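Novice: Fold the stuff below for me.
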Amino acid sequence: MLGLLKVRVLRGVNLAVRDLWSSDPYVILKMGKQKLKTRVIKRNTNPIWNEELTLSVEDPALPVRVEVYDKDTFSLDDPMGNAEFDIRPFVEAVRMNLQGIPNGTVITKVAPSRQNCLADESAVYWSDGKVIQDLVLRLKDVERGEVELQLQWVSIPGAGGLLSI
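Specialist: Numbers count the residues shown, from 1 in each chain. Purely as a prediction, here's the structure:
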């Protein structure tokens, strides 16, 4: 294992309606064989989860998949879109082993493209001694919706670590 990726699932914006007038959305994060889930927010197409999910990273080339669902009681949960993002630009910034740079310093930026699900340019920056990345992902396979995330790296003492690759 190289380290831990803390993913703060901040909020959903203008998510699709899957019940009569609203939805009961939750998010599933997948990376490799790992699968983590947020809590369900009832009757809300602009939910605020502000929930932290932690993935262990063995291969930074694996994408992280985000799936949004509407919780249903008596039937299968309805899909509300999905997105993927690449953590390699983030991991490269962590590997730089930066120290002592001013808070808010932008290390790199990732532009939206056909190869990613970014809705806006995504900055990787230095904050309080940590490398942080803010992401706004446009959901695919759905009529509308975005999910906002924030990434943070956690090094594991004794693990191989990013600097040793």
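Novice: Now the residue nearest the centre of the chain: closest residue in space, sequence neighbours ignored.
Specialist: Nearest to the mean C-alpha position of the chain, counting by C-alpha atoms, centre = their mean, stands Leu149 at 4.5 Å. Leaving aside its sequence neighbours, Leu149 sits nearest to Leu135 (C-beta to C-beta, 6 or more residues apart in numbering; 4.5 Å). Just so you know, the C-beta spots here come from the backbone N, C-alpha and C atoms, and that holds for glycine as well.
Novice: Dihedrals phi and psi, that neighbour?
Specialist: Dihedral angles of Leu135 (phi, psi; degrees, to the nearest 10) stand at phi -130, psi 140.
Novice: residue ranges with poor pLDDT in the chain?
Specialist: The model of the chain has pLDDT under 70 over residues 158-165.
Novice: Do a quick rundown of the strands in it.
Specialist: 3-13, 25-31, 34-37, 48-57, 64-70, 78-85, 106-110, 122-127, 130-138, 146-154 (DSSP state E).
Novice: quick revisit: which residues does the residue nearest to the centre of the chain contact?
Specialist: By C-beta atoms under 8 Å, 6 or more residues apart in numbering, Leu149 lies in contact with 7-10, 66, 85, 134-135, 137.
Novice: That one and Val64: what is the separation?
Specialist: 9 Å (C-beta to C-beta, to the nearest Å).
Novice: list residues touching both of the two?
Specialist: Common neighbours of Leu149 and Val64 (C-beta under 8 Å, 6+ apart) are 7, 85.
Novice: Arg88 - how many residues pack around it?
Specialist: With neighbours defined by other C-beta atoms under 10 Å, the count for Arg88 comes to 13.
Novice: With the one 4 residues further on instead?
Specialist: Around Glu92 there are 15 other residues, counting by other C-beta under 10 Å.
Novice: For it, give me its contacts.
Specialist: Glu92 touches Thr108, counting by C-beta under 8 Å, 6+ apart.
Novice: can you offset everything so residue one is 582?
Specialist: Sure, I'll start numbering at 582, so the last one becomes Glu673.
Novice: give me phi/psi at the residue lying farthest from the centre of the chain?
Specialist: The C-alpha centroid of the chain is most remote from Phe655, which lies 29.1 Å away (C-alpha atoms, centre = their mean). Here is the backbone geometry of Phe655 (degrees, to the nearest 10): phi -110, psi 10.
Novice: how much space between it and Pro693?
Specialist: The separation that Phe655 has from Pro693, given C-beta to C-beta, amounts to 39 Å.
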